[in-house]
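K.L.:
Return a 3D structure for these sequence lines:
(2 chains)
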Amino acid sequence: MGGVLQRALHAWVTRPLRLLMGGSLRRQQNLFVWLSLVPVLAYFTLFNLYPIVSALNVSLRRWRFAEPHSHPFVGLENYAWALQDEVFWVSLRNSLLFLVGHVGLQLVVALVLAVILFPIRQPWRGVLTAVCFLPVVTSAVAVSLIFRDLFAPVTGPLNYLLGLVGLGPYNYLTTSMGARVSVIAITNWKNLGVWLVLYLAGLTTIPAELDEAAAIDGASRVQAFLFITIPLLRPTLVYLVVMGTVGTLQDFTGIYTLTGGGPGTATRTLVLHIYQHAFNFFDMGRGSAVAFVLFVALAVVSALQLRVLRHDFEY
Amino acid sequence: MLRKLKNHSMHLGATLLTWALLAMLAACILFPLYWMLMTSFKPMSEVWTYPPIFFPRHFMGLANYREVVRRVPVAQFYGNSIYVGAARTLATLFTCSLVGYVFAKFEFAAKETLFMLVLATMMVPATVTLIPYFILFKDLGLLNTLAAVIVPGLTSASGIFMVRQYVESIPNELIAAARIDGCGEFWIYATLILPLCKPVLSALGIFTFLNSWNEFLWPLLVLRDKHLLTLPVGLNMFAGTMMRQQQWIHLAMAFVTMAVLPGMLVFLAGQRHFVQGIALTGMKG
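P.N.:
Okay, here's the model as predicted:
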């Protein structure tokens, strides 16, 4: 008995410790490398790779919380349900609408703003960037609560201010159109800072001499912008589109707390659709099927990014 | 002379236009936050009025805040959020600095493959992991615990990437010198690499903490007991209810202000690191 304990102590404590403290340099380094890597790699496997397999597995089963002990394999039944469900297509359409409304607008608005801000001297550029960044660090729950107050139909300040210049009043959150426009507007308000900072970082990589040379060659500032700045910003643009796409397609908090997907299904997105089936109806199978469709779509977007970026490195 | 004058006035006009535009932008960004703050200082009689009141006539000071703290366990929510945020941040800083350093400065079997594998995990969207996590934590019996909120955020692939990029610029001679002095590998990491990584770890720390501070969906799914809620979930539950009771909007906004102020202060204090970090990695706040 004592021998076993002694041997175990030697194998699990004394020997590793001796290896760690002494031993050849090479051996010590190898030990350090693998002691550092293995836990983190195991963690990634459990929390990033296994969930994909698990999601696929669940999506191919009838998996309801009401029936906790049997999850029979049903093949593609959940996918068939998802594609036949009208609300799925409505959600998909809304997701794409918000995607275009966010990424499309930010691509232009944030770029124009970055170009205006770029030549402004410090500290003003820093101050304005910080101001634009405040909404980014504000919790999306708080943002929705604030805007629900701003958007109040009669007593809200926004309708009052628009009324002063002869516009409105508008129904922001109670009509389909109004709710969709509101979601897009608030998403843009909240994320402007991120786009701005990334554009500014992209602009600093463009050598100033290029613009000067273009000016000497007689190019107007608009021409220099269109034919020099924009092509050189391509890596930034590609990155922003992918980041914006992946982010917008997964946005949940902002919409859930602003409209809850309503009125009706007017602002319901794929993520809200997943949430409802998995966590309100507790049908994990159906929820996983929709989630897996979204995963494949996002993987395609990411793969396209790699393609485009690789193309960039070539010249 | 005339031409010069014209050029000058055009330039002035452009400058004025630029600043007018920027001022308008700043107003659009700041007005909702201004409205939140002002409403939080109003008495009940000044919310839900027509025309709306833009500056409180009877300034309530912190009375609304005290009222919120009396009705809602705000301190508990704060405590939970700080606990979760601190645990995730410390773990992330430790794992990312260690593994980032290993990937930057050591040679070992399958290094490139493993690194690509780590980067590939960044492509796994949170939406796909939700249901598997939920089932996993349910099976582990960890639903409705703060551990369930903390555990999925113990490390970050983009953090490892950030640290690796940074450590690669540290000269190998420094590390070699420490080895000649007989320092062990972990000792070199702890006393040489960690202090040198301070800038990149500041950025990563602020990111991780703010992300955790604002995270909503996952805590919403796993937390049930009132005393376990993190701030965003508590905010949604209680301030959301106050919002529906229209005469309590001033209380809701006092709660909202309490919830967003720490994040803004952390951001303003570490703004330089933060903006640099975003520009470096494109990580979202």
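K.L.:
Share the number of residues neighbouring the residue lying closest to residue B:192 once chain neighbours are set aside, please.
P.N.:
Nearest in space to residue B:192, with sequence neighbours left out and distances taken as CB to CB, 6 or more residues apart in numbering or on different chains, is residue B:178 at 5.5 Å. No exception for glycine: its C-beta is placed from N, CA and C like everyone else's. By the criterion of other CB atoms under 10 Å in any protein chain shown, residue B:178 has 18 neighbours.
K.L.:
Now residue B:178: which helix or strand?
P.N.:
helix B:172-180 (DSSP states H and E).
K.L.:
Can you list the buried residues in that helix?
P.N.:
B:175, B:178 (16 or more other CB atoms under 10 Å in any protein chain shown).
K.L.:
Over to stretch B:234-246?
P.N.:
Counting neighbours by 16+ other CB under 10 Å, one finds that the buried residues in stretch B:234-246 are B:234-236, B:238-240, B:242-243.
K.L.:
Report all helices and strands that the helix holding residue B:178 contacts.
P.N.:
When contacts are defined as 3 or more CB pairs under 8 Å, 6 or more residues apart in numbering or on different chains; DSSP states H and E, helix B:172-180 packs onto helix B:185-188.
K.L.:
Need the residues that contact the helix or strand that comes right after the helix it packs on.
P.N.:
Downstream of helix B:185-188, the first helix or strand assigned by DSSP H and E is helix B:194-196. The contact list for helix B:194-196 (CB atoms under 8 Å, 6 or more residues apart in numbering or on different chains) reads B:97, B:167, B:170, B:201.
K.L.:
before we move on, the earlier item: quick one: residues in contact with the helix holding residue B:178.
P.N.:
Contact with helix B:172-180 is made by A:25, B:105, B:188, B:192-193, as judged by CB under 8 Å, 6+ apart.
K.L.:
gap between the longest helix seen in chain B and the chain center?
P.N.:
Taking DSSP state H as the criterion, chain B has its longest helix at helix B:2-40. Mean-position distance between helix B:2-40 and its chain equals 29 Å (CA atoms, centre = their mean, to the nearest Å).
K.L.:
May I see the buried residues of that helix?
P.N.:
B:22, B:25, B:29, B:31-33, B:35-40.
K.L.:
Is any residue of that helix near chain A?
P.N.:
Yes. Helix B:2-40 reaches chain A (CB under 8 Å from any CB of the partner chain) through B:18, B:21-22, B:25-26, B:28-30, B:32-33, B:35-36, B:39.
K.L.:
Could you list the low-pLDDT ranges of the stretch 101-250 of chain B?
P.N.:
The model of the stretch 101-250 of chain B has no residue with pLDDT under 70.
K.L.:
hmm, try it at 80
P.N.:
In the predicted model, the stretch 101-250 of chain B carries pLDDT under 80 at residues B:246.
K.L.:
among the contacts of helix B:194-196, which are in helices?
P.N.:
Using DSSP H, the contacts of helix B:194-196 in helices are B:97, B:167, B:201.
K.L.:
How many residues are close by the first one?
P.N.:
Think residue B:97. What residue B:97 shows, counting by other CB under 10 Å, is a neighbour count of 25.
K.L.:
That one: what's it in contact with?
P.N.:
B:163, B:189, B:193-194, B:197, B:201.
K.L.:
Which one of those sits in the busiest neighbourhood?
P.N.:
The most crowded member of those, judged by other CB under 10 Å, is residue B:163 (27 neighbours).
K.L.:
Wait, that one touches residue B:201, no?
P.N.:
Yes. The pair residue B:163 / residue B:201 is scored as a contact, 7.5 Å apart, by CB atoms under 8 Å.
K.L.:
can I get the CA coordinates of stretch A:40-55 in PDB?
P.N.:
Once non-C-alpha atoms are left out, stretch A:40-55 reads as follows in PDB (Å, rounded to 0.1, in the frame of the first residue of the first chain):
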ATOM      1  CA  VAL A  40      -6.000  25.900 -23.400                       C
ATOM      2  CA  LEU A  41      -6.300  23.600 -26.400                       C
ATOM      3  CA  ALA A  42      -8.500  21.200 -24.400                       C
ATOM      4  CA  TYR A  43     -10.700  24.200 -23.400                       C
ATOM      5  CA  PHE A  44     -11.000  25.300 -27.100                       C
ATOM      6  CA  THR A  45     -12.000  21.800 -28.100                       C
ATOM      7  CA  LEU A  46     -14.700  21.600 -25.400                       C
ATOM      8  CA  PHE A  47     -16.100  25.100 -25.800                       C
ATOM      9  CA  ASN A  48     -15.600  25.800 -29.500                       C
ATOM     10  CA  LEU A  49     -15.200  22.600 -31.500                       C
ATOM     11  CA  TYR A  50     -17.400  20.200 -29.600                       C
ATOM     12  CA  PRO A  51     -20.400  22.600 -29.700                       C
ATOM     13  CA  ILE A  52     -20.400  22.400 -33.500                       C
ATOM     14  CA  VAL A  53     -20.700  18.700 -33.400                       C
ATOM     15  CA  SER A  54     -23.200  18.800 -30.600                       C
ATOM     16  CA  ALA A  55     -25.300  21.400 -32.500                       C
END
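K.L.:
Alright, calling it a day.
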